[in-house]
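> Pasting the sequence and the predicted coordinates here, then a few questions.
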Amino acid sequence: MKARIGTAGLRIAGAVLFWMCGGWAAGTSVIAISDAELYERADVVVHGIVMSNRVQTDAFDRPETVTVIQPLAVLKGQLAANLVIHQTGGALPDGRFFRLWGRPEYVEGREVVVFAIARPQGDFQTAEMLLGEFEVWQDEKGNRFAVPEFRIASHPGVDVYASVEDFVAQRTTPFATPPRDLAAFLGALRSGSLEVSTNGAPSGSLKPVERPLPARPAPQWGNINNFLYRWNNNATAAWTLNGTANITGGGTAEATNALAAWTNDPNSSINYTVGTGTSNVIYLNATSSALGCGWSTCLSGGGVIGCGGPSGGGSHSWRGDTYVTIGGGTVELRSYCTFNGFSSITTQSVLEHELGHTLGLGHSDQNVSPHDVCRGDEGAAIMRSSVQGFTPLGTDDQDAIRWIYGDGLNSCGPAPAPTISSITPTFGPLAGNTLVTINGTGFVVGATVTFGAGAGTSVNVASATTITVRTPASAISQTVSVTVTNSDLQTGTLSNAFTYTGASFYTLTPCRLVDTRNPSGPLGGPALAAGADRTFVFAGQCGIPPTARAVAVNVAVTQPTTGPGFFSLYAAGTSLPMVSTLNYSSGQTRANNAIVPLGAGGDVAVRCGQGSGTAQIVIDVNGYFQ
């Protein structure tokens, strides 16, 4: 199967965003521009039908709405398939939302004229927010008009100005924005000549043109040309890399990562690896297509960028369906005419797509399967028929391989409840530096490890079967309890797994270790500087032996010149912890007790976390662990 890529320039349109207490809010000021200027700024202009809207998360984990528009005519630029519009904002099923005032609101079934600009991540966004959308309405005589979005309804939070002068003077007096005569408007856009007015004069009231939408098919993956294909060895195969792509590094990393993208999915059994001398080949510099995919030259601009598919014979049954048995596969990446003519991300995305075909997957936006119960994510799949601008598998891709090669579950249904099979401690050389490895199954988004009466730590991961956490110093001689919670808030717990006595505690007569108010020296001044670390050697001081692994101390701050701020004490030579030992305000004197692990040299690092200035620290010791 082929993946295509189109050509498009890049322009940016923006809104004014403000951060407000409790979340994002936005206010938008819009200065009207001419149709000619809007046309000039757009990469594509499409007359089409709004087919669907769905809300997903973007790269910053904010809700975004993805709108699919089926073209009736492409009036400027090029499209390989449907126009896919991404707009920040929307509400997710879990209640999270993002509101962006001034974005156009596309209504399914409406006929529209859209001015769009290309996004760096792929697909498009509406040019100049609501200025870039026109809905097609008709009057009482059946005449049709393109009505600007900001005329259709009120837009709270949006100020539209007729000119720059009005904006400077903050005059928001309504101004005339007549609907465009649709036929004249489309003709002018098709020719690129918008100097002549296309304004229309409707007769009577206007109403939107509603197009009936086809019944949405059930799922969009799992067949190629109405046949089902599948490896019956859990998709275990080694792939030989042939040739060198015309990009930095020759494409080896991109091919390796593409194989790993499918293999590393946690809910399937796929095991695609790089090998040598195998019959499964990835051609990284195919000047012509041996598979007959329609090219005999290198690629510059638009055209077919990759091709691939499975081979084999015979059949087998899987989950009630009959599949042609895959025994091998071939992937071709078309040769690039210029060095780095396409990016590393595009290259990997193409290779992932073609490897998906070798797994038996069709195009997410073209094929139908009765097993996909999670709809609306087909356009965000790697297996979409045109190249994506990202490399992670989409939920549609993951659902497909979970059905064909995995646990049969899906992204919109409940995840399996996690189970914890074991937790194993590994005692490090330092007190409070114990590692706990948790083995289990289930999609994991968080794990809480509790030591004794409430002391604990949490980790957050996308998915894992093994989690490693670091115990706090106070966890000496405590029992461990582990709770893992998945994305559906289902939990699995393993308690009383082990008790360890990693160290013994020895008391000391309280003794001052550090006082930066004293003259400059290893345990004296100068004061700690904002944003900097300073290391103090404790071993050999105040009766602390070289064998000590942690110390019990009282930490005090005095004379901080600015605030707020904090001290973090941690074993020298290790990473700065995510928690502070003592917090303070400007000019404040206060203290706190702590157990602090020692570094390999019996030393402790102190981070002074304030914006500027200095702070004095005083540390007294009253015991140690060894």
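Nice, I can see it.
> Spatially nearest residue to Arg402, not counting backbone neighbours?
Asn267 (4.9 Å; CB to CB, 6 or more residues apart in numbering). Backbone N, C-alpha and C define where each C-beta goes, glycine included.
> and after the one helix or strand Val514 maps to, which helix or strand comes next?
For Val514, the enclosing helix or strand under DSSP states H and E is strand 505-515. For strand 505-515, the following helix or strand on the C-terminal side (DSSP H and E) is strand 528-529.
> who's in contact with that following strand?
Strand 528-529 has contacts (CB atoms under 8 Å, 6 or more residues apart in numbering) with Thr516, Arg534, Phe567, Val606, Cys608, Thr614, Ala615, Gln616, Ile617.
> Pipe the residues you listed into TSV and attach neighbour count and distance to Asp372 per row.
Output for the contacts of strand 528-529, formatted as TSV (neighbours: other CB atoms under 10 Å; distance: CB to CB, whole Å):
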residue	neighbour count	distance to Asp372
Thr516	24	64
Arg534	17	58
Phe567	24	54
Val606	24	55
Cys608	22	55
Thr614	17	61
Ala615	25	59
Gln616	20	64
Ile617	23	60
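> Pull out the CA atoms of the lengthiest strand in the chain and give them to me as PDB.
Looking across the chain with DSSP state E, the single longest strand is strand 303-318. Only the C-alpha atoms of strand 303-318 are listed here, as PDB (Å, rounded to 0.1, in the frame of the first residue of the first chain):
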ATOM      1  CA  GLY A 303       3.900  12.100  -4.800                       C
ATOM      2  CA  VAL A 304       4.200   8.600  -3.400                       C
ATOM      3  CA  ILE A 305       6.800   8.500  -0.700                       C
ATOM      4  CA  GLY A 306       6.600   4.900   0.500                       C
ATOM      5  CA  CYS A 307       5.200   1.500  -0.300                       C
ATOM      6  CA  GLY A 308       4.900  -1.800   1.500                       C
ATOM      7  CA  GLY A 309       2.900  -4.900   2.100                       C
ATOM      8  CA  PRO A 310       2.900  -8.500   3.400                       C
ATOM      9  CA  SER A 311       3.500 -11.800   1.500                       C
ATOM     10  CA  GLY A 312       2.700 -15.400   2.400                       C
ATOM     11  CA  GLY A 313       0.000 -18.000   1.800                       C
ATOM     12  CA  GLY A 314      -2.500 -20.400   3.400                       C
ATOM     13  CA  SER A 315      -5.000 -19.300   6.000                       C
ATOM     14  CA  HIS A 316      -5.800 -19.600   9.700                       C
ATOM     15  CA  SER A 317      -8.500 -18.600  12.100                       C
ATOM     16  CA  TRP A 318      -8.200 -15.900  14.800                       C
END
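> Mind listing the strands that strand pairs with, and their directions?
strand 2-5 (antiparallel), strand 321-334 (antiparallel) (DSSP bridges).
> pLDDT of stretch 82-92, averaged?
For stretch 82-92, mean pLDDT rounds to 84.
> chain center to that stretch, what's the gap?
15 Å (CA atoms, centre = their mean, to the nearest Å).
> Over to stretch 139-157?
On CA atoms, centre = their mean, the centre of stretch 139-157 falls 36 Å from the chain's centre.
> go on, stretch 189-199?
40 Å.
> In stretch 611-626, which residues are buried?
Gly613, Thr614, Ala615, Gln616, Ile617, Val618, Ile619, Asp620, Val621, Gly623, Tyr624, Phe625 (16 or more other CB atoms under 10 Å).
> Between those, which sits nearest Ile326?
Lowest distance from Ile326 to the buried residues of stretch 611-626 (CB to CB) belongs to Phe625, with 58.7 Å.
> What distance do you get for the closest one to Val136?
76 Å (CB to CB, to the nearest Å).
> coming back round to it: give me the contacts around the strand holding Val514.
So strand 505-515 is in contact with 476, 523-524, 536, 538, 541-544, 552-554, 616-626, going by CB under 8 Å, 6+ apart.
> who does that strand pair up with?
Assessed with DSSP bridges, strand 505-515 is paired to strand 614-625 (antiparallel).
> Mean confidence (pLDDT) on stretch 100-108, please.
80.
> end-to-end on that stretch?
20 Å (CA to CA, to the nearest Å).
> Tell me the pLDDT of Gln626.
pLDDT, read off for Gln626, is 76.
> wouldn't it be in contact with Pro545 here?
Yes: shown here, Gln626 and Pro545 form a contact pair, counting by CB atoms under 8 Å, at 6.7 Å.
> okay but Gln348 is in contact with Thr256, surely?
No: using CB under 8 Å, Gln348 is not in contact with Thr256; the gap is 9.3 Å.
> State which helix of the protein is the longest.
Counting by DSSP state H, the longest helix found in the chain is helix 344-358.
> And Arg190, its phi and psi?
phi -60, psi -40 (degrees, to the nearest 10).
> okay, now it: neighbour count?
Counted by other CB atoms under 10 Å, the residues lying close to Arg190 total 14.
> how about it, what does it touch?
Arg190 neighbours (CB under 8 Å, 6+ apart): Ala73, Leu75.
> show me where pLDDT drops low in the stretch 401-550 of the chain?
Scanning the stretch 401-550 of the chain for pLDDT under 70 picks out 414-504.
> right, and Ser612 touches Pro564 too?
No: Ser612 lies out of contact with Pro564 (CB under 8 Å); the separation is 12.0 Å.
> same question for stretch 586-594, mean pLDDT?
Mean predicted lDDT for stretch 586-594 stands at 89.
> Outline the domain layout of the protein.
For the chain, automatic domain parsing gives the domain ranges 2-208, 229-405, 419-494, 505-625.
> Quick one: end-to-end length of the second one, please.
With CA to CA as the measure, domain 229-405 spans 11 Å from end to end.
> Same check on stretch 194-206?
End-to-end for stretch 194-206, by CA to CA: 24 Å.
> Going by neighbour count, which residues in it are buried?
Leu194, Thr198, Gly200, Pro202, Leu206.
> Same check on stretch 118-130?
Buried-residue list, stretch 118-130, by 16+ other CB under 10 Å: Ala118, Arg119, Gly122, Asp123, Phe124, Gln125, Thr126, Ala127, Glu128, Met129, Leu130.
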